[in-house]
Each structure stands twice: as structure tokens, then as C-alpha cells.
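> show me the folded form of this:
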Amino acid sequence: MSLTGIAADAAMSPEVNALYQQACSAEYQNNLPDAIEKLKKAITLAGNDSMLYTKLAGIYSDLGEYDLALQAYSKVLELKPDDAFVYISVGSIYETQGKYNEALAAYNKSLQLFPEYKYNYLNIANVQYKMQDYKTAVQSYARFLEIYPQHKEARENLASAYLVLDMPEKAVKEYTTLYNKNSSTFKDYANYGVALVKTGNYSKGSEILEKAVELDPENTSCHISLALAYQELDNNDLALEQYDIVFKQLPNLHSIRLDYANLLADMKKNAEAIEQYKIYAQNYPTDARVYKNMAIVYKRINDLDSAIDNFEKTLAIKSDDIDVKKDLAECYHAKKDYISALKYYDEVLKVKPDDLEAKTNKAFALHALDQYDEAIALYEQVLSVKSNPTVDSNLTKAITAQGFVSLNAKNYSKASEYFQKAVSRNSADDYAYYGLAKAYRGLNSNDKAAEMYEKAIALNPEKSLYSTEYGEFISALYSQQPAAGTAGDAELSEISLSPDGNIQQKPVDMTKNKDLIALGDENYRKKDFDLAIQNYQEALTINPGDEVTLLKIGNIYGLKNDNKTAAEFYKRAIVVKPEYADGWFNLGLAYANEKNYSEAKKSFSKVVEIKPDYAYAYYALAIAYETEANKPEALKYYKLFLQYNKDAENVAQVQDKIRSLEK
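Numbers count the residues shown, from 1 in each chain. Sure, this is the predicted structure:
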């Protein structure tokens, strides 16, 4: 029906008016052909009456005879060019015909003629929406809703336009208003759910989308959005079900395979994920994300070559991805291709100079390439920002390793600086003490060299390299011969480090060692002490960590009344084995023979600390205290001797001592 009125013009002649009324009656009775006939007769009598043409146009429009209706409205506008409502009727016909430009022009003309008619904004907005001019449609809907805020259709279209314009927050606001107003009549669950998912409200979004797919199980878009919502909520099994539905409905829908592959990757379904990534890459070969995500999966399953290949493809498309460069560096690092790793670590640090992880890993790579000084500098930078036990340990190792580099270059002074720095950082670093011993030998500081060898052996008695070299060193010192590997020899032997930074060593010939000790024992029994010492010292060159052999040499020097030299060997025996009770006891005897009762008592006390039932240590302590005229302590230790003594021959003598002291 036309929006114009149906009352007859008062100026009509009686005959024309009669025909007009007959036409209205026929229209009311739905006899539209008769109504048209009556109006045409009336027009032949009154051809300039706009009302007749308006009524005729309205009936043609009701019959779907839009071209005839437009002809009639055209005649009306000739007679009444300022009739805004005729333009609205014309616009409605054009809109129905899909002629949106003409419709919009008609509605805008109406708005120009009658701006007070605000309802016209809805007509304009609807045409703009159909023309996909969503941005302008939004403005028109907003103007309309300022006056008619309860209009449901306008608000639905406004929400839909916001969603198309990728303004999901505003879409959600409009849909929420509609939903809260009357949830029982709300129908647009699909778009509402999609908008919620786009805003990150996955919980509410999944709730709405569940209703949407219940109402329309064939709505693939809803299944896709529901899958994404479940995925974000870590409801991976439910997400997988939705993807299965989607691919059953649309097997060739490849645009979502990246998200699907990501889900499979999150579920640790690595092979399936890679398969989906490959399908996606075939269809979208310029999307860097697929190669990056596929590379991450390959890296996780330690297929480093495939990971590197895909990370490189990512950079070919997106050359500024720092995370990819970091991953590439780590992959090359894991393959021990440290040069390639360093290339990418440098690129990362150029953009992110404070990236502590990249800086740390670069230091590790430099260390592995024996570039110790550069590694040391980076380790120190890292530790200045954050403590890290691994970095701290590696820093000490790098300093020690650089010390060996200087040592092999015969720069003994510089080597000693590195080793001293290493032991100052870690007093339990046996490698550093060993290196320091060699550096001191190179500097002809034999006493310091001996001290460092002893510390290295004490920290790691199982390291036969230390003992072997130390034995050679002390044997040469006491035989007044140049020790192999000292500065007096042609050269200090070069140190070889294993790939993990450990010092490599030669195997020990223990059979020869035992044979030399047996020969020394035989010469000892023959009282050929000098030859016995020579045999024992040769044995020590094979296994200098043998505390018993060191004790035997000390005992021979004791028999020769050379208590000072005897003490030195006893000291080396307890350096090798700090809990060696016999070594401490004999050291105490050597001190006592030199009348150094203070040190003697310390040694004997250490014996009973190690071995509380060592009876003769109590006896020696008692004698030392008696010599110092300290009767109470002498009595105490004589009595302890009797408590632990198992030699009956000495009991009477000690009892006499006790009675004498108690007088």
C-alpha cells in the first residue's frame, strides 16, 4: 500500500469522486483489476488529480507491477514534486527491486524535503546495509535508534554491521541489549557467539554458540567459532570434536587448518599437527605462521633439520621475526653448529641487547668454540644481572680453560692470573689448582707448585693425572734431578681438554707400580734404604696418590733421623688421604722428635678424632703433655690409653706412670 492518504480530494467532480470511491471499494474487496479500471476512467476525466495517480501506483505496487507503479508515482511527482512520502514509496519499490542506488536517492530526497520524519533513517540505513556500506549504515542506524531505541530490527542490523566492520565489542554491546531484553525471542545466537569469541569472552561465547549449533547444526561458521572458543578455554577434546564436524561438512575448508593444526600441536599430536600444517602451507604458501608453528613442533620432537628448514622459510617471508631467529640459533646450537648459532644470536642481540637468554646461549656457544675470553665477558654480564648456577660454573670453567691456553703458550704469569681468579671463584675447582701448579712450575715457584698439586689431589684423589705429574715432580725434587715437565726440562707438557672441558689423562700402569713397591719393600728389609726410596719414588711417578708409599718413604727418612723430610712425606700422605690416621700419627712423631710438641699434639689429636680407638695416639699425647709438665692432661691420656690398649706388655709400665703422676 502507498503511504499517501485515501480520502478523495474535495475538488473532485461528482463523477470522478464516484469512480474513485468505487475503486477504493474494489480494492477493499481485493478486486484490484476492477479498482485499476475505475481509476483509469477517473484519470481520463481528471488527468491532473495526483490522488488518482497515487492510488493507482499503490495498487500496482501491491500487485508487484513495479514499473507501472513507478510510472504512476512519476506522474504524481510531476503534479506534487515536494511530496516526501511519494519519494519514500518510490524508494521502497526500488529497494524491493534491488535497485539500491535509486532507492537511496529517493529516500535521501524524502529526507531533504521532510527532515522531521526521522523514521526515514531506518529506510536509508537498511539500503546502506544491503549495499554493504556498513560504515554509513551504522551512522544511520545510530541516528534512528536515538529516537526509536526499542526497535529490534534496527538494533539487530546495527549489531550485524558492527560485526562485519570488525568492531566486535560494539556488536556484543548491541546483541547483549537484545538478549537481555528478551532472551526467549532472541534468535541471532550465531552472530552473538561469534562476536563474543572475537572479544575474547570465550566462556560466554561458547555458551551462546552451543545454542546456535543446537538450533542450526549445519551452521559451519558457528562450529568453527565454537572450536576456537573451546581451544582458548583449553577444552581441547571438545574443540577437536567441533573441527571434526567442520571437516565433515566442508572437507576442503583449508583456511582453518592452521588453527586445527595448532590444536593438535597443543595436544602433543605431533605427527597429525605436521600433516595439517603441510596441507595449510600448500594452500597458503605465503603465510609465515604455518612454517613457524610447524618448525616449533619439529624442534620439540628434536627433528632439528626440519625445524631449521621451516624456521628459514619463515624468515624468507618475515625477515624481522626475532623469536624465529632465536629458535634458529637454539636449533643450530643443539646441532653443535656453533658458528651458525652465533650468527643468529648476534641478530637477536642487535635488536634486543638485553635478552639475557640469548646472551647466555651466545656465551655457551663461544665457550664451545674455545673463544674463552669472549665467553668470560658475556658470562660476567649475565651474572651482573641475574644469578645463575650454570653460568657461574661455566664462567669458572672458561677462566680455567683460558688459563690452560696461556699455559700452553708459555705465558705462565698470565696463566697464573686466570687460575687464581678461578680458584677465588670456586675453591673446590681441582682443575684450576692443577693448572696453577703447572703455572708455578713454569715460574720456578716449586713450593707453591707443590702446594697447588696437593690441593688438586686432595679435592679429586681419583684424578690420576694430578698424582702422576705430582709424583714425577716430587721425585725429581728429592732426587735433585730435573722433574719431567718442569721449567728445568725442555718444556711443560701441553694440556689437552676433552669436549666437555675436562682434562684428558693417560691410563695408569698399576702392575708396574705394584712391582716397584714390592722391590722397595725388599730393599727396605735389606736395610738398603736409599735404593728403597728410589724404588718407592719410581712407584709414585705412576701413582703419586698412594698414601702408604708416601708413608714408607717418610718412615725411611725418620730412620735416617731426617725428621724434616720425613714430615714432608707424611704431610703429602695426608694431603692425598686426609683421613689417613697412620699418616697423622707418624707426622706427630716427626714433630715430637724435633721437640715441636705443639704441632705433635695437633697431629695426635687428629688421629683420635679420625680413629677414637687408636691407643698409641693417646699414649703419645700423654708423653707430650708429661714432657710439658701438664700432669692432668698426661694422666687423662694415659688412662685413655689403658682403655683402648690391647697390648698387655705396656699396661704395667703405663700404670706405674699413672701412680707416679698421681703422687
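> longest helix of this structure?
When the chain is scanned for its longest helix (criterion: DSSP state H), the result is helix 389-408.
> domain ranges for the protein?
For the chain, the structural domains run 1-117, 580-663, going by automatic domain parsing.
> let's have the ones you listed in JSON lines, adding distance to residue 305, mean pLDDT and mean neighbour count.
For every residue, glycine as well, the C-beta is placed using N, CA and C. Listed next are these as JSON lines, based on distance: least, CB to CB, whole Å; pLDDT from 0 to 100; neighbours: other CB atoms under 10 Å:
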{"stretch": "domain 1-117", "distance to residue 305": "57", "mean pLDDT": "90", "mean neighbour count": "18"}
{"stretch": "domain 580-663", "distance to residue 305": "55", "mean pLDDT": "89", "mean neighbour count": "17"}
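> where's residue 365 relative to residue 300, distance?
21 Å (CB to CB, to the nearest Å).
> who's more crowded, those two?
residue 365 (25 against 13; other CB atoms under 10 Å).
> which element is that one on?
Using DSSP states H and E, residue 365 maps to helix 356-368.
> repeat that for residue 607.
helix 597-610.
> same deal with residue 344?
Applying DSSP H and E, one finds residue 344 within helix 338-351.
> repeat for residue 448
According to DSSP H and E, residue 448 maps onto helix 446-459.
> please state the offset of that helix from the chain centre?
44 Å (CA atoms, centre = their mean, to the nearest Å).
> against which helices or strands is the helix or strand just after that helix packed?
Remark: after helix 446-459, the chain's next helix or strand is helix 464-478, criterion DSSP H and E. When contacts are defined as 3 or more CB pairs under 8 Å, 6 or more residues apart in numbering; DSSP states H and E, helix 464-478 packs onto helix 430-442, helix 446-459, helix 529-542, helix 563-576.
> state the distance from the residue nearest the centre of the chain to residue 394.
Among the residues of the chain, the one closest to the centroid is residue 357, at 9.4 Å (CA atoms, centre = their mean). Residue 357 sits 14 Å away from residue 394 when distances are taken as CB to CB.
> ok so, going back, tilt between the helix holding residue 365 and helix 389-408?
For helix 356-368 against helix 389-408, the angle by axes from the mean of the first three to the mean of the last three CA atoms, to 10 degrees is 30 degrees.
> identify the residues contacting helix 356-368?
Helix 356-368 is contacted by residues 326, 329-330, 333, 336, 338, 341-342, 345-346, 348-349, 352, 372, 374-375, 378-379, 381-382, 385-386, 388, 391, 394, 397-398, 401, 501 when judged by CB atoms under 8 Å, 6 or more residues apart in numbering.
> in PyMOL, select just the buried ones from those.
Buried subset of the contacts of helix 356-368, written as a PyMOL selection, criterion 16 or more other CB atoms under 10 Å:
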select buried, resi 326+329+330+333+338+341+342+345+348+349+372+374+375+378+379+382+391+394+397+398+401+501
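> returning to what we had before: in CSV, list the domains of the chain along with distance to residue 542.
As requested, these are exported to CSV (distance: least, CB to CB, whole Å):
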stretch, distance to residue 542
domain 1-117, 103
domain 580-663, 20
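> so which of those comes closest to residue 257?
Nearest to residue 257, of all these, is domain 1-117, at 36.5 Å by CB to CB.
> before we move on, the earlier item: next, the buried residues of the helix holding residue 448.
446, 448-459.
> and those residues, which is closest to residue 22?
Within those, proximity to residue 22 (CB to CB) peaks at residue 459, which comes in at 123.5 Å.
> how about the nearest residue to that closest one, chain neighbours excluded?
Closest residue to residue 459 apart from its sequence neighbours, by CB to CB, 6 or more residues apart in numbering: residue 430 at 3.9 Å.
> cool, residue 36 as well?
residue 59 (5.9 Å).
> how about the contacts made by the one you found?
Residue 59 touches 27, 32, 35, 36, 39, counting by CB under 8 Å, 6+ apart.
> how does it look with 7 Å?
Applying CB atoms under 7 Å, 6 or more residues apart in numbering, one finds that residue 59 lies in contact with 27, 32, 35, 36.
> with residue 294 instead?
Taking CB under 7 Å, 6+ apart, one finds 274, 277, 310 in contact with residue 294.
> so can I have JSON lines of those residues showing distance to residue 608, neighbour count and pLDDT?
Conversion of those to JSON lines gives the following (distance: CB to CB, whole Å; neighbours: other CB atoms under 10 Å; pLDDT from 0 to 100):
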{"residue": "274", "distance to residue 608": "70", "neighbour count": "20", "pLDDT": "97"}
{"residue": "277", "distance to residue 608": "73", "neighbour count": "28", "pLDDT": "96"}
{"residue": "310", "distance to residue 608": "70", "neighbour count": "27", "pLDDT": "97"}
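> in helices only, show me those residues.
274, 277, 310.
> what about residue 235, neighbour count?
So residue 235, with other CB under 10 Å, has 16 neighbours.
> same question but for residue 289, I mixed them up
17.
> that older thread, out of the contacts of residue 59, which is nearest to residue 562?
residue 32 (142.0 Å).
> separation between that closest one and residue 414?
Here the criterion is CB to CB. By it, residue 32 lies 112 Å from residue 414.
> got it, and residue 587?
37 Å.
> and for residue 241?
From residue 241 across to residue 414, the span is 68 Å (CB to CB).
> ok, residue 235 next?
Residue 235 is 63 Å from residue 414, by CB to CB.
> ok, residue 401 next?
13 Å.
> kindly report the same for residue 311.
Using CB to CB, we find residue 311 at a distance of 41 Å from residue 414.
> pick out whichever of the two has more residues nearby.
residue 311 (29 against 16).
> surely that one is in contact with residue 328?
Yes: applying CB atoms under 7 Å, one finds residue 311 in contact with residue 328, separated by 4.6 Å.
> want to try TSV for the helices and strands packed on helix 464-478, with mean pLDDT as columns?
Formatted as TSV, these follow (pLDDT from 0 to 100):
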stretch	mean pLDDT
helix 430-442	93
helix 446-459	88
helix 529-542	89
helix 563-576	88
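> give the contact list for residue 276.
257, 260, 261, 264.
> how far off centre is stretch 464-474?
Stretch 464-474 sits 46 Å away from the centroid of its parent chain (CA atoms, centre = their mean).
> ok, residue 516 - contacts?
Counted by CB under 7 Å, 6+ apart, residue 516 has contacts 535, 538, 539.
> where's it, which helix or strand?
helix 510-525.
> buried set for that helix?
Buried residues in helix 510-525 (16+ other CB under 10 Å): 513, 516, 517, 519, 520, 523, 524.
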